[in-house]
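Colleague: pasting the sequence and the predicted coordinates here, then a few questions.
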Amino acid sequence: MMNFVVKTIANAGALAVAVWLLDKITLTGDSTGKKVGTLLVVALIFGLVNFLVKPLVQLLSLPLLILTLGLFTLIVNALMLLLTSWLADQFDLSFHVEGFWTAVLGGLIISIVSWALNVILPDRD
């Protein structure tokens with residue numbers, strides 16, 4: 001359970017950095033508390049998307065991943081971020097990613113920050 005909480009916090013932190021760095025990834029809300037709550041829910045959605053959908057997409061795109069020596073992973077990450085944005089919109093959450101190339105850059109930022117936070121945060125169950 002602790003591992004799940006740590007990964008969710010790392011995802012939320014990584015999403016917050018992407019929102020802060022990129023103008024076309026938006027998170028709106030009336031108060032800071034509402035923004036933090038929305039960010040945590042979006043982090044949960046993002047974690048579920050990465051847990052359920054991403055392995056299937058990677059399996060189906062295995063030839064492209066091999067052909068591009070793994071660089072196609074950036075495209076897969078962007079698609080997962082766009083799917084998260086779409087799902088957040090369906091749940092009426094105020095998180096939006098505007099455009100494919102913004103999603104590519106956002107996915108790269110989220111991957112790097114999430115990796116760094118997972119190194120720093122404790123990893124025990």
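Modeller: Sure thing, it's come through. All figures in this text were calculated on a predicted structure; none of them were measured in a lab. Residues are numbered from 1 along each chain as shown.

Colleague: residue most distant from the centroid, the chain?
Modeller: L67 (24.7 Å; Cα atoms, centre = their mean).

Colleague: any idea how far that residue lies from L60?
Modeller: 14 Å (Cβ to Cβ, to the nearest Å). To be clear about C-beta, it is placed using only N, CA and C from the backbone, and glycine gets the same treatment.

Colleague: what do you get for M1?
Modeller: 31 Å.

Colleague: more crowded one of these two?
Modeller: L60 (11 against 6; other Cβ atoms under 10 Å).

Colleague: P122: helix or strand, and which one exactly?
Modeller: Assigned by DSSP states H and E, P122 falls within no helix or strand.

Colleague: does it touch V6 like I think?
Modeller: Yes: if you go by Cβ atoms under 8 Å, P122 and V6 touch, sitting 6.5 Å apart.

Colleague: the two: which has the busier surroundings?
Modeller: More neighbours surround V6 than the other of P122 and V6, with 17 against 8 (other Cβ under 10 Å).
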